[in-house]
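1. missing the sequence, but the structure's below:
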C-alpha cells in the first residue's frame, strides 16, 4: 500500500481542508493509500520514512520550516507543492516588501493595542524571508490555488500514485471565462461593492480583474459570479512574473483612460499571491534595492 | 582597478531607431560600445517582463527607443511603450529600485546625433551609478 503524507509549513490549513473536501471519493482513495502523516486526521508527530507522495502545504517562513521541508524531501519519492503559499509564497509573501526587522517590530511592538512589546527570541525558530518551497528543495509537481480545487488534488494524486506526471493547464483564466474578451476600454474604475452588469467582461466594466495573468484550471469560478479574479493561481506557466504580465495587459486597456488608477494603491493586487517568487523579489534579495 | 564598463540593453524599434543605429555605423559616427542592441518590431513590443528580466540577469541599464509621436508604424505602439515605462518606473520606485537605470526616448528616423547623444549620456549616467549588483560575471 502506498503512503502519502501532508506536511504543513507556514499555512492556515486551508489546503488541508481542500484535500479533505475530496469527500466521498476520499474513501475510495484511502482504499488504495495509507495516509501516514497529516496533523488534522492522523495522530502522529514525526514524519515516517519511505513516503510515496508528500504534499507540502504552506511556504517557508522560519528556519523550522526549512528543516521540516528538507526532512520531507529526503523521505519522499515525489514532493508536491499544494496551494499558492507552497508554489509562490502566497499572501504572506507581501511582507517581503518590508525588511524583516521593521515587520517584526511592527507586529510585536508597533500595533495600537500593544503596551510594551517584546520580540520573542527564546526557544523559537528564526524568522526568515517568505519563500516558495522551490527555493530550498526540488519540487516535482505544483497544485496552485488558494485553496486548490479538490478535484485537482484528487486527479493529481491518482496519477502521481500511478507514477505519471499529471498535465498542467497552459492557458489563463480569461481563456476559461465566458464573459470576455473585453470589447471596449473601461471608462472608469469600479470597486467591488458596485454590482456588475451581467454577461459583460469585468475588465471592460472597469473592475480590476487578474484574469489575463492568472493560470487556468479553476474554471473561472469567480468572474462567472461577478467577482473579479484576484490571481490566486499564480502566473500562467510560461509567464515568469504575474505582476509584470498584468501591468502589460492593463496599460493597453486601462491606463490610457483611467487617471485615478494609481500603481501605489494597486501594486499589492498585482503580486497578491506571487510576490515571494517574482523577479522584483529576486532583485530585492540579491541586493539591488536599497532598504527603506 | 579597471574602469567600470557598463552593459546596457537597448531595445530599438526597427522602423526608426534601428535604422538610425545602422546609419551611425555606416557613417562612422559611432556609439558607446556598452550598448547591446536588440531589434524589436515596435517599441510597443517591449513588455515590463523583458525589462525586469534584463535587470535580474545583470544588465546595468535598459534603454528603449521608439518612433516620434504620431510616427509609429502601428498607430500608437510607441505611446503605449512610454506609458509602460512610466508605470514600471513607478512600480520600481514603490519597492525601492533605482528607476534611473531605465529610460525611454523617442527618436525620428533621421535624428542621428540625437540617438548617439542619448546613448552617450545614458552610458555616463550608468557609469556614475555603478554596476548592477546582480551582475553575474565580467564581460557579459
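-> Yes, it's here. None of these values were measured; they are calculated from a predicted model.
2. next SSE downstream of the worst-scoring helix or strand of chain B on mean pLDDT?
-> Every helix and strand of chain B was ranked by mean pLDDT, DSSP states H and E. The lowest is helix B:77-95, at a mean of 83. Next in sequence after helix B:77-95, counting helices and strands by DSSP states H and E, comes strand B:102-106.
3. for residue B:34, what are its contacts?
-> B:5, B:6, B:7, B:8, B:60, B:123, B:126 (Cβ atoms under 8 Å, 6 or more residues apart in numbering or on different chains). Using the backbone N, CA and C atoms, a C-beta is placed for each residue, glycine as well.
4. distance from the chain centre to the least confident helix or strand of chain B, please.
-> 13 Å (Cα atoms, centre = their mean, to the nearest Å).
5. for it, could you pull out the residues that count as buried?
-> B:77-85, B:87-89, B:91-92, B:94-95 (16 or more other Cβ atoms under 10 Å in any protein chain shown).
6. with stretch B:115-122 instead?
-> So for stretch B:115-122, counting by 16+ other Cβ under 10 Å, buried means B:115, B:116, B:118, B:119, B:122.
7. name the helix or strand for the first one, please.
-> In other words, residue B:115. helix B:112-129.
8. for chain B, what's its nearest residue on the stretch 1-150 of chain A.
-> Of all residues in the stretch 1-150 of chain A, residue A:97 sits closest to chain B, at 6.5 Å by Cβ to the nearest Cβ.
9. so where do the strands sit in the stretch 101-250 of chain A?
-> A:127-131, A:141-143 (DSSP state E, counting those that start in this stretch).
10. reformat those strands as CSV; add mean neighbour count, distance to chain B and mean pLDDT.
-> As requested, these are exported to CSV (neighbours: other Cβ atoms under 10 Å in any protein chain shown; distance: least, Cβ to the nearest Cβ, whole Å; pLDDT from 0 to 100):
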stretch, mean neighbour count, distance to chain B, mean pLDDT
strand A:127-131, 19, 14, 92
strand A:141-143, 23, 20, 92
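11. adding distance to residue A:237, write those strands out as JSON lines.
-> Below are those laid out as JSON lines (distance: least, Cβ to Cβ, whole Å):
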{"stretch": "strand A:127-131", "distance to residue A:237": "20"}
{"stretch": "strand A:141-143", "distance to residue A:237": "9"}
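12. so which of the contacts of residue B:34 sit within strands?
-> Cross-referencing those against strands under DSSP state E gives residue B:8.
13. could you dump the contacts of residue B:34 into TSV with neighbour count and pLDDT added?
-> What follows is the contacts of residue B:34, written out as TSV (neighbours: other Cβ atoms under 10 Å in any protein chain shown; pLDDT from 0 to 100):
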residue	neighbour count	pLDDT
B:5	15	86
B:6	23	89
B:7	20	90
B:8	22	93
B:60	24	88
B:123	21	94
B:126	26	91
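14. so which of the buried residues of helix B:77-95 would count as near chain A as well?
-> Restricting the buried residues of helix B:77-95 to those touching chain A (Cβ under 8 Å from any Cβ of the partner chain) yields B:80, B:83, B:84, B:87, B:88, B:91, B:92, B:94, B:95.
15. residues contacting the third one?
-> Residues in contact with residue B:84, defined by Cβ under 8 Å, 6+ apart, are A:247, A:248, A:251, B:46, B:47, B:48.
16. residue A:42: which of those residues is nearest?
-> Nearest to residue A:42 among these, counting by Cβ to Cβ, is residue A:247 at 44.0 Å.
17. surely the closest one and residue B:88 touch.
-> Yes - if you go by Cβ atoms under 8 Å, residue A:247 and residue B:88 touch, sitting 6.7 Å apart.
18. leaving out chain neighbours, which residue sits closest to residue B:113?
-> residue B:29 (7.7 Å; Cβ to Cβ, 6 or more residues apart in numbering or on different chains).
19. might one say that that neighbour is in contact with residue B:111?
-> No - between residue B:29 and residue B:111 there is no contact under Cβ under 8 Å: 11.8 Å.
20. looking at these two, which is more packed in?
-> Just comparing residue B:29 and residue B:111: by other Cβ atoms under 10 Å in any protein chain shown the higher neighbour count belongs to residue B:111, 18 against 14.
21. hang on, the more buried one packs against residue B:20?
-> Yes - Residue B:111 lies in contact with residue B:20 (Cβ under 8 Å); the separation is 6.5 Å.
22. contacting residues for the spatially most central residue of chain B?
-> Against the mean C-alpha coordinate of chain B, by Cα atoms, centre = their mean, the closest residue is residue B:63 at 1.1 Å. Residue B:63 makes contact with B:8, B:9, B:10, B:11, B:35, B:103, B:104, B:105, B:118, B:119, B:122 under the criterion Cβ under 8 Å, 6+ apart.
23. how many neighbours does residue B:75 have?
-> By other Cβ under 10 Å, 11 other residues sit near residue B:75.
24. for it, helix, strand, or coil?
-> For residue B:75, the secondary-structure state derived from DSSP: H, G, I helix; E, B strand; the rest coil is coil.
25. point out where the chain drops to low pLDDT.
-> Using chain A here. A:254-267, A:287-292 (pLDDT under 70).
26. wait, I meant chain B there
-> Using pLDDT under 70, chain B drops low at B:1-2, B:95-97, B:133-140.
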